[in-house]
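In: Predicted model and sequence follow; I will ask about them next.
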Amino acid sequence: MKFLCLGYYNEKVFNAAAKADIEAVTSKCKGHDEALHQSGHLLMVASLGPTRETKSLRPKNGRPVAMDGPFAETKEQIGSFFIIEAKDLEEAAVIAAKHPAANLGENLGWGIEVRPIGFYFER
């Protein structure tokens, strides 16, 4: 099974943090991603741009309407995602728990949500 892991953070806190504090946490991510890839579980990983560079599309009167910003106003924003392969949700949670966002960055609002993928298409 494939699982989408959403990496959350508090964008306002992140933007206000000292560069050295951010680097201390984010520098651990690349090594983890490489180890996860080597294990055969990691299929894809990406960081997302800031919410100020986001457009949301919603249908209105049968046409898409574009709005600036993310769809939902939340305390935490999605800052990254990765897709993993696991036998079930429990194994996916164990795999995702190895990511720095599940262990570090508490002061930045980091966290991970693990969701099963119902449909997956790859070229």
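Out: Yep, that arrived.
In: drop to CA atoms for contacts and neighbour counts, all remaining ones
Out: Will do.
In: And stretch 5-19, end to end?
Out: Using CA to CA, to the nearest Å, one end of stretch 5-19 lies 25 Å from the other.
In: Run a quick neighbour tally on Pro59.
Out: Using other CA atoms under 10 Å, Pro59 has 9 other residues around it.
In: Tell me the confidence at it?
Out: Confidence at Pro59, expressed as pLDDT, is 93.
In: Run through the bridge partners of it.
Out: Going by DSSP bridges, Pro59 is paired in beta bridges with Pro64.
In: Which residues does Glu113 form beta bridges with?
Out: Where Glu113 sits in a bridge, its partners, by DSSP bridges, are Leu6.
In: What distance do you get for it to Thr26?
Out: 18 Å.
In: And the strands in the protein, which stretches?
Out: 2-9, 42-47, 55-60, 63-68, 77-85, 111-116 (DSSP state E).
In: other SSEs contacting the last one?
Out: Identification of packing neighbours for strand 111-116 by 3 or more CA pairs under 8 Å, 6 or more residues apart in numbering; DSSP states H and E yields strand 2-9, helix 89-96, helix 100-103.
In: most tightly surrounded among these?
Out: strand 2-9 (a mean of 22; mean count of other CA atoms under 10 Å).
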